[in-house]
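Peer 1: what follows is a protein structure lacking sequence information:
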């Protein structure tokens, strides 16, 4: 898959000096971290600073394998998550943008273990012990000192609902600088792993910077204060920093290629497990196709630090403007 990202990078560079035409930029890829024990801790999308009126519908699928133990912790995650997400954005009196996110999570054993085994064997990549467990066998548990915090259940549930406000503070033809604040409201079960059972809050700074008429860049930097995990036992998780960078290039009229990287600091208290304690970084590549009624977006995201993120995320989004 790394070859995909290298090829995409070359394509972007080749179009830097393309003939300029009037084009629009719709922002970074709509991808967030689906790592099962972090997904409920107000995981952020990369966002553009400019405001918009839109409705979007996303279908994301991810696969995670973390089966590790330390002296005090057991974190076993062998699962796939499908998220169906509705996002609503509305500009209010040209002053600020109101955002609403409504996710539905489908958690289960999945169907991709056989494919992933073949992929790892073909390219000689490590499988992190995945081959030691049966294919497509669900496992989701978090324990500290033998006490269960989360005992995940396969099935479907509503994820935490997010409300946000974005306010531009500096604008020009070539850049937009905005601030954004959000809260995430729990509506589902923390014991089963669909929520953390607490209200989370976050603040971020967003910058859109035009490079050429056909290339736009986006920068995000933020801070999240997540609430406790109110599972079978309470767990106080850490505040974390997140950020990222995206580049959006018009390849031809109606089709854009987007590359982006986003990361975040560790969320759990020290567990002595590398897959949880290290910072998470996600690299995403995708395309966006514009139609008369809206845009279609398809992307692939990889975990490049083998920590704090799914092995991969596939995302399909349709957005239309209102």
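Peer 2: Alright, I've got the coordinates. Quantities reported herein were computed from a predicted structural model and do not represent experimental measurements.

Peer 1: for residue 106, name its beta-bridge partners.
Peer 2: Beta-bridge partners of residue 106, counted by DSSP bridges, are residue 82, residue 156.

Peer 1: pretty sure it sits against residue 156.
Peer 2: Yes - at 4.7 Å, residue 106 counts as touching residue 156 under the criterion of CB atoms under 8 Å. C-beta coordinates here come from the backbone N, C-alpha and C atoms, glycine included.

Peer 1: the more surrounded of those two?
Peer 2: residue 106 (15 against 12; other CB atoms under 10 Å).

Peer 1: so what pLDDT did the more buried one get?
Peer 2: Looking at residue 106, its pLDDT stands at 95.

Peer 1: with residue 243 instead?
Peer 2: Reported pLDDT for residue 243: 97.

Peer 1: return the residues in contact with it.
Peer 2: 219-222, 262-264 (CB atoms under 8 Å, 6 or more residues apart in numbering).

Peer 1: the same query, at a cut-off of 7 Å, please.
Peer 2: The contact partners of residue 243, by CB atoms under 7 Å, 6 or more residues apart in numbering, come to 220-222, 262-263.

Peer 1: in strands, which of those fall?
Peer 2: Within those, residues falling in strands by DSSP state E are 220-222, 262-263.

Peer 1: show me where the protein dips below the pLDDT cut-off.
Peer 2: The model of the chain has pLDDT under 70 over residues 1-23, 113-114, 116-131.

Peer 1: and the helices in it?
Peer 2: In the chain, the helices defined using DSSP state H lie at 2-14, 113-123, 274-277.

Peer 1: distance check, the residue nearest to residue 145 when sequence neighbours are not counted against residue 150.
Peer 2: Spatial nearest neighbour of residue 145, excluding adjacent residues (CB to CB, 6 or more residues apart in numbering): residue 72 at 5.4 Å. To residue 150, residue 72 is 15 Å away according to CB to CB, to the nearest Å.

Peer 1: same check on residue 238?
Peer 2: Counting by CB to CB - residue 238 and residue 150 are separated by 17 Å.

Peer 1: who's more crowded, those two?
Peer 2: More neighbours surround residue 150 than the other of residue 238 and residue 150, with 26 against 14 (other CB under 10 Å).

Peer 1: shouldn't that one be in contact with residue 231?
Peer 2: Yes - under the contact definition of CB atoms under 7 Å, residue 150 touches residue 231, with a separation of 4.6 Å.

Peer 1: okay, and the common contacts of the two?
Peer 2: residue 191.

Peer 1: is the nearest residue to residue 297 once chain neighbours are set aside in a bridge, and if so with what?
Peer 2: Once flanking residues are discounted, residue 297 sits nearest to residue 317: 4.2 Å by CB to CB, 6+ apart. The partner list for residue 317 in beta bridges (DSSP bridges) reads residue 58, residue 297.

Peer 1: what's the local residue count around residue 317?
Peer 2: Residues lying near residue 317 (other CB under 10 Å) number 22.
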